[in-house]
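1. Below are the sequence and a predicted model for it; my questions follow.
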Amino acid sequence: MRSIDGGILLGIALSILFCSCSRDRLETPYGDAEPLAAYRAAVDPLISEINEVEQSLRAMAVGSTGRATGENLAAACQVLDGRLTAVLVQLDAMDPPRKLRAMHADMRTAVDLRLRACQRIAAGWQIEREASFEAAQSAYLEAEALLSEARVLLVAVGAVLSEVDVALDSVGARSPTA
């Protein structure tokens, strides 16, 4: 009878321990606030880098002519390709919270789409140099569609991250944008 009582006491003690530990954790709709805030802090510089690459691409694309050209875009993509690749490597190294895995995958997809768009721009510029702008038009249009798709994904990612920031703020956890 003593072994049964000891087992019951051990079970009660473990239940109390687990219950008291879970009360100390701040929960959000996206999971435990501590790893969520850590993920949010880790991903924030990557979001900034993605945005900076986009701004740099736009600025470099115009060049001295005052308008975007295939030559300028291809040169810009060549310069910025390494930065996007570095972002992909960092995203791949992260383990996002379970409820943010789909959003994380969308962010990665958006960066990959931008890299693919740069490849299409470079191919378009090669075609334009060897043939004509008209011959390169399909590559440029494909690149534009890829960039547009990436922008749509990143807007959705931004919306989710805003919700995460609100959730973290509501439990008193600090988000990187607070």
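-> Good, I have the coordinates. Numbering: from 1, shown residues only.
2. what stretches of the chain score poorly on pLDDT?
-> Along the chain, segments meeting pLDDT under 70 span 1-24, 175-178.
3. Strands of the protein, start to end?
-> Listed in chain order, the strands of the chain (DSSP state E) span 27-28, 31-32.
4. got the residue ranges for the helices in this protein?
-> Assigned by DSSP state H, the helices in the chain fall at 2-24, 33-62, 70-93, 101-130, 133-170.
5. Can you name every helix or strand that the third one contacts?
-> The one in question is helix 70-93. When contacts are defined as 3 or more CB pairs under 8 Å, 6 or more residues apart in numbering; DSSP states H and E, helix 70-93 packs onto helix 33-62, helix 101-130, helix 133-170. All C-beta atoms are positioned from the backbone trio N, CA, C, and that covers glycine.
6. repeat that for 7 Å
-> Counting contacts by 3 or more CB pairs under 7 Å, 6 or more residues apart in numbering; DSSP states H and E, helix 70-93 packs against helix 33-62, helix 101-130.
7. Tell me which of the ones you listed sits most buried.
-> By mean neighbour count, with neighbours taken as mean count of other CB atoms under 10 Å, helix 101-130 ranks first of the helices and strands packed on helix 70-93 at a mean of 19.
8. how many degrees apart are that one and helix 33-62 in direction?
-> Interaxial angle, helix 101-130 versus helix 33-62 (axes from the mean of the first three to the mean of the last three CA atoms, to 10 degrees): 10 degrees.
9. Just give me how far helix 101-130 sits from the chain centre.
-> 15 Å (CA atoms, centre = their mean, to the nearest Å).
10. same deal with stretch 30-49?
-> Centroid displacement of stretch 30-49 relative to its chain, using CA atoms, centre = their mean, is 10 Å.
11. can you list contacts of it?
-> 25-28, 83, 87, 90-91, 94, 96-100, 164, 167-168, 171, 173-176 (CB atoms under 7 Å, 6 or more residues apart in numbering).
12. Buried ones among those?
-> Buried subset of the contacts of stretch 30-49 (neighbour count, 16 or more other CB atoms under 10 Å): 26, 28, 87, 91, 96-97, 100, 164, 167-168, 173, 175-176.
13. What is the most widely separated pair among these?
-> Across those, no pair lies farther apart than Leu26 and Val87, at 29.3 Å, counting by CB to CB.
14. gap between the most centrally placed residue in the chain and Val87?
-> Residue closest to the average C-alpha location in the chain (CA atoms, centre = their mean): Met107, at 3.3 Å. Computed with CB to CB, to the nearest Å, the distance linking Met107 and Val87 is 9 Å.
15. Please apply the same query to Val160.
-> 18 Å.
16. Likewise for Cys118?
-> Distance, Cys118 to Val87, by CB to CB: 13 Å.
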